[in-house]
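Visitor: Based on what follows, work out the 3D shape:
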Amino acid sequence: MKRWARDELRSVNGQIEFVLRRALQETDRLKPTADEDPAEESG
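Guide: I've put the predicted structure just below:
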């Protein structure tokens, strides 16, 4: 994870958040936040 984070120019914590967020998006379990436009995802 440390090497992967370094390759992606993220901290380990940031990489973990990225991986978790991507997994949630792929399984449609991530609810849009106030600053995200739900219409963008369906396009």
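Visitor: where's the residue nearest the centre of the chain relative to Q15, distance?
Guide: In the chain, the centroid-proximal residue (CA atoms, centre = their mean) is R21; its distance is 3.3 Å. R21 sits 11 Å away from Q15, going by CB to CB, to the nearest Å. The way it works is simple: take the backbone N, C-alpha and C, and place the C-beta from them, glycine included.
Visitor: Identify, by residue count, the longest helix of this protein.
Guide: In the chain, with assignment by DSSP state H, the single longest helix is helix 12-26.
Visitor: I'd like to know how many residues surround the closest residue to F18 other than its chain neighbours.
Guide: Setting aside the residues directly before and after it, F18 is nearest to R10 in space (CB to CB, 6 or more residues apart in numbering), at 6.5 Å. Counted by other CB atoms under 10 Å, the residues lying close to R10 total 14.
Visitor: What pLDDT is listed against the nearest residue to G14 once chain neighbours are set aside?
Guide: For G14, ignoring the flanking residues on the chain, the nearest one in space by CB to CB, 6+ apart is A5 at 6.8 Å. For A5, the model assigns a pLDDT of 95.
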